[in-house]
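> My questions are about this predicted structure, shown below with the sequence.
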Amino acid sequence: MADEVELQGTVERVVYHDPRSRYTVLRLLAPGHETLVTAVGRMVSVETGAELTLRGRWDSHPQHGRQFAIVGMTVAVPTTKLGIERRLMRYPGVKAVMASRIVAKFGLDTLTILEQQPRRLMEVEGIGQRTLEKIAQHHATHSGPMAQLEAQLLELDLPVHLATSIFDRYGDDGINVLRKHPYRLAREVRGIGFSTADRVARALGIEPDSAERLDAGVVHVLEQAEMEGHCALPIESLVQQATRNLGADEFAVRDAGERLVVSGEVVLEHGNDDAPLAFPVRMLEAENDVAAGLATLARGKVEPWSVPELPGHLSDGQRAAVEALAEHGVMVLTGGPGTGKSTVVAQILELADANGVTVLLAAPTGRAAKRLEQTTGHSASTLHRLLEFQPETGAFAHGPADPLPPGLLVVDESSMIDIVLGAALLGSLTDAHRLLLVGDADQLPSVGPGNVLRDVMAVAEDPDTPIALVRLTEVFRQDEGSSIIGNAHRVLHGQQLAPDVSGEQGEFFVVACRTAQRVHDLAVRMATERIPAAYGIEGRTDVQVLVPMHKGIAGTENLNRSLQAHFTTGQREWAVGGKNTPRRIFRRTDRVMQTRNDYDKAVFNGDIGEVIDVDAEAATLTVDFDGKKVKYEGREVSALQLAYALSIHKSQGSEFDAVIVCLLPEHHVMLRRNLLYTAITRAKKLCVIVGDTRAIERAIGQASDNSRHTGLARRLRDALRLGGLGLVPELMAGEETDSAPEPEEPEPEFTLHAVPDLDDESDA
């Protein structure tokens, strides 16, 4: 490979510039070269007349001949009044006379004024608001902090769109942070992870054993644990993972952990099982908020409800549930499909109305909220909409300073609530509220960190706690004929499936096949041909394929491509991706899912919609999410994925007329009862399992593993014992008491450094 060299020159012409990829072709007038030099590469926008210093290599193109391949670029800053005038003349709306006036007014400080106080240009005769805006926009694009950030990112071979996030966080200091403290980006800028910051740091020559890198690496392991559902990690597990990821000395990693503890970014506390855990402070604060909020509700001021004669069709368990809520500030109602949770909720809503209590209904996802609305006849919303999410601030309007109206709040599908959303929800309630959490504890836990429903249930099982827990276990006669519900309960009990007789129009079938390709082909054929023909169900919108994993022949990605080819070929399309990202196609009428929370657009992870408009030329598409039309531009589309086939985790909170579940031995790490149970219970009318019987048997035989490293149960027990705020209420009020409370035993102090073996007492 040719050596890297420098090339100085003046831009004679910009032949080509792609504003998205930043790929550029320039013609340069360079000293020492008789003809114009062609320079190519990714760079920020430059204008004719700009003086550049380029770094790169000489190359020979088979068609265009000798050219300079750009690696990095610096735009020369003029240091004389004449040079500044010449630059200003390249700005829109600035001619020679105007450039002369500006420089006469501000002298050698002109570009600094333009950078830091652009409105002062209106002090110059002839410059109005419109001209100022044009000048400021041109300067920001070609010479300002954003241009510097983009140039640096391009040089580091990183996506230039990250410049916006960096500038939003640090302003003009962004380029300084990027160059001198890159690991701050991973901890402080949304969209930049540790691996990206690490690439920047390595390119800038920062040593791999630097304290800043080690600290960021420990935080990164905790962030990865959050993505896997944990609120914390055992100390030794944290140290081992960070040591392995960083390729660093274990003692140096332990020192990094201790620095984070001292700074308050990491807190060492007991978990639910009393084992010492390392909590990111954000997770610890969220757990404390949930525990304090639940304790406040459980010991709140709500008066018991008057309970009239209940309808005779209610079972003993259903009656117990209604009566328990009438007496408690917090209740958890759990049970599998067909056990009558909806009947209980309907009866509770009637009781609330009879007692003159305002009722609010909500669920974590739009589809779950819509289903709650349909089953109760009452208006329901997503939790984000209920709490009035504010995209501009990333916060909720309702919280401790502006709580929700007093009354009863019913939250369905509460197994999907993670600890962060739970903290926001509890922060919006007061001791004048009742809270009913409805959910199926046997389903998969929340996608986000925490185990809120199960932790609350673990505390509610203690007979001394003021939180009510009612489990519905009876499957009612009217549902006993449902083979979907029957087989879901068989899975929970580790029993073999009992499919309907083949050839009849039943509800539950198992189609055995062993190869991934066969599973793929059968799933596609069933979704596109057999199920629509036999059951009159619309394949494109109402048949859902569910798979444990994304990769593989029978993974969601491959299945989505095949199903899309059947359903939307011929529709307007937009192909996205390219050199560094996989190529994906979106077409009008495609079913798509949002894969991450977008607070600006108010669409959230798991929302499913339909593409209603595609404009490839403008690089935009519009998605209809249950009546809400959302426009995506450029890179924003990376938040969408095709939704004909979904992972079982992503299907939580949704129901579909027909479900096809694909299971193979290659999914072995995921195969557990709660996974299969969750998949089956997504189906309303038809469930077909396609796959290897060995994989099905493994899923049924593997007990559900809902264990996560959290501390909510312990915190909630403490909060209930201490009155909800970690303090004895009488002492807070300053009242005298007959006897002081017994002091609690001090908790042991944890450390990230290993404790030496003290068993050998030979030197004692």
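Happy to help now that I have it.

> What are the buried residues along stretch 607-625?
By neighbour count on 16 or more other CB atoms under 10 Å, the buried set for stretch 607-625 is Asp607, Ile608, Gly609, Glu610, Val611, Val614, Thr620, Leu621, Thr622, Val623, Phe625. Just so you know, the C-beta spots here come from the backbone N, C-alpha and C atoms, and that holds for glycine as well.

> Kindly report the same for stretch 638-656.
639-656.

> just to revisit the earlier point, and the buried residues of stretch 607-625, which is closest to Ala565?
Lowest distance from Ala565 to those (CB to CB) belongs to Val611, with 15.3 Å.

> could you redo the buried residues of stretch 607-625 as CSV and give each row distance to Leu54, secondary structure and pLDDT?
Shown next, in CSV, are the buried residues of stretch 607-625 (distance: CB to CB, whole Å; DSSP: H, G, I helix; E, B strand; the rest coil; pLDDT from 0 to 100):
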residue, distance to Leu54, secondary structure, pLDDT
Asp607, 45, coil, 85
Ile608, 48, strand, 90
Gly609, 45, strand, 92
Glu610, 47, strand, 94
Val611, 42, strand, 95
Val614, 38, strand, 92
Thr620, 34, strand, 90
Leu621, 37, strand, 93
Thr622, 41, strand, 94
Val623, 42, strand, 95
Phe625, 46, strand, 90
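
> I'd like the residues you listed laid out as TSV, including distance to Glu258.
Conversion of these to TSV gives the following (distance: CB to CB, whole Å):
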residue	distance to Glu258
Asp607	42
Ile608	45
Gly609	47
Glu610	52
Val611	51
Val614	53
Thr620	49
Leu621	49
Thr622	51
Val623	47
Phe625	46
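
> any chance you could map the strands in the stretch 201-350 of the chain?
233-234, 266-270, 276-280, 330-335 (DSSP state E, counting those that start in this stretch).

> and these, which is most packed in?
When neighbours are counted by mean count of other CB atoms under 10 Å, the highest per-stretch mean among the strands of the stretch 201-350 of the chain falls to strand 330-335, a mean of 25.

> Report the mean confidence score over stretch 717-726.
Mean pLDDT, stretch 717-726: 66.

> Stretch 416-431 too?
On average, stretch 416-431 scores 95.

> Give the residue spans of the stretch 51-200 of the chain that score low on pLDDT.
Filtered on pLDDT under 70, the stretch 51-200 of the chain yields the residue ranges 76-80, 83, 140-148, 150-152, 154-161.

> picking up where we left off before, can I get the strands of the stretch 201-350 of the chain in CSV with distance to Val576?
Converted to CSV, the strands of the stretch 201-350 of the chain look like this (distance: least, CB to CB, whole Å):
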stretch, distance to Val576
strand 233-234, 36
strand 266-270, 38
strand 276-280, 34
strand 330-335, 42
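
> between these, which gets nearest to Arg101?
With CB to CB as the measure, strand 276-280 is the member of these nearest Arg101 (55.5 Å).

> For that closest one, which strands pair with it and how are they oriented?
Sheet partners assigned to strand 276-280 using DSSP bridges are listed as strand 233-234 (antiparallel), strand 266-270 (antiparallel).

> out of the ones you listed, which comes closest to Glu350?
Relative to Glu350, the nearest member of the strands paired with strand 276-280 by CB to CB is strand 266-270, separated by 43.1 Å.

> Dump that closest one to PDB, keeping only the CA atoms.
Extracted in PDB, the C-alpha atoms of strand 266-270 (Å, rounded to 0.1, in the frame of the first residue of the first chain):
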ATOM      1  CA  VAL A 266     -21.800   2.400  40.900                       C
ATOM      2  CA  VAL A 267     -23.300   1.300  44.300                       C
ATOM      3  CA  LEU A 268     -22.600  -2.000  46.000                       C
ATOM      4  CA  GLU A 269     -25.700  -3.300  47.800                       C
ATOM      5  CA  HIS A 270     -27.500  -6.600  48.700                       C
END
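
> Report whether Glu557 is found in a helix, as I expect.
Yes: per DSSP: H, G, I helix; E, B strand; the rest coil, Glu557 lies within a helix segment.

> and Tyr644, what is it in contact with?
Counting by CB atoms under 8 Å, 6 or more residues apart in numbering, Tyr644 touches Ala527, Arg540, Gln544, Val545, Leu559, Asn560, Leu563, Gln564, Phe567, Arg591.

> For it, give its distance to Met593.
Going from Tyr644 to Met593 by CB to CB, to the nearest Å gives 10 Å.

> Among the strands of the stretch 201-350 of the chain, single out whichever gets nearest to Thr48.
Closest among the strands of the stretch 201-350 of the chain, using CB to CB: strand 276-280, at 50.6 Å.

> Show residues contacting the closest one.
219, 222-223, 226, 231-235, 238, 257, 265-271, 287, 709, 711, 748, 750, 752.

> right, so of the strands of the stretch 201-350 of the chain, which gets closest to Ser415?
Per CB to CB, nearest to Ser415 of the strands of the stretch 201-350 of the chain: strand 330-335, 8.5 Å.

> Note down every partner strand of the closest one and its orientation.
Applying DSSP bridges to the sheet, strand 330-335 is found paired with strand 433-439 (parallel), strand 468-472 (parallel).

> what would these look like in CSV with mean neighbour count and distance to Val25?
Below are the strands paired with strand 330-335 laid out as CSV (neighbours: other CB atoms under 10 Å; distance: least, CB to CB, whole Å):
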stretch, mean neighbour count, distance to Val25
strand 433-439, 25, 58
strand 468-472, 20, 69
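
> Let me know which of those strands is the nearest to Glu250.
strand 433-439 (41.4 Å).

> ok, then the element right after the closest one?
Later in the chain than strand 433-439, the nearest helix or strand by DSSP states H and E is helix 452-460.

> Pull the residues that contact that next one.
Residues contacting helix 452-460 (CB under 8 Å, 6+ apart): 272, 290, 294, 332, 334, 414-415, 417-419, 422, 437, 439, 441, 445-446, 465, 467-469, 706, 710, 712-713, 716-717, 720.

> just to revisit the earlier point, can I get the strands of the stretch 201-350 of the chain in a markdown table including mean pLDDT and distance to Tyr632?
Converted to a markdown table, those look like this (pLDDT from 0 to 100; distance: least, CB to CB, whole Å):
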| stretch | mean pLDDT | distance to Tyr632 |
| --- | --- | --- |
| strand 233-234 | 94 | 35 |
| strand 266-270 | 93 | 37 |
| strand 276-280 | 93 | 31 |
| strand 330-335 | 94 | 38 |
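
> Quick check: which of those is nearest to His489?
strand 330-335 (10.7 Å).

> Run the angle between the closest one and helix 452-460 for me.
Orientation check (axes from the mean of the first three to the mean of the last three CA atoms, to 10 degrees): strand 330-335 against helix 452-460 gives 110 degrees.

> how far does strand 330-335 sit from the chain's center?
Centre-to-centre, strand 330-335 and its host chain are 27 Å apart (CA atoms, centre = their mean, to the nearest Å).

> And the helices in the stretch 501-650 of the chain, which stretches?
Counting by DSSP state H, counting those that start in this stretch, the stretch 501-650 of the chain has helices at residues 516-525, 531-535, 539-542, 556-568.

> so which of those helices comes closest to Ala369?
Set against Ala369 and scored by CB to CB, those come closest in helix 539-542, at 18.8 Å.

> which of the residues in the closest one are buried?
Gly539, Arg540, Asp542.

> Would you reformat these as CSV and include distance to Asn176?
Output for these, formatted as CSV (distance: CB to CB, whole Å):
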residue, distance to Asn176
Gly539, 55
Arg540, 52
Asp542, 54
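
> any chance of the residues you listed in TSV, plus distance to Glu327 and pLDDT?
Formatted as TSV, the buried residues of helix 539-542 follow (distance: CB to CB, whole Å; pLDDT from 0 to 100):
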residue	distance to Glu327	pLDDT
Gly539	49	92
Arg540	49	93
Asp542	42	93
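
> Which one of those residues is nearest to Ala575?
Arg540 (20.4 Å).

> Who's the closest spatial neighbour of that closest one, skipping the chain neighbours?
Leaving out its chain neighbours, the residue that sits closest to Arg540 by CB to CB, 6 or more residues apart in numbering is Phe567, at 4.5 Å.
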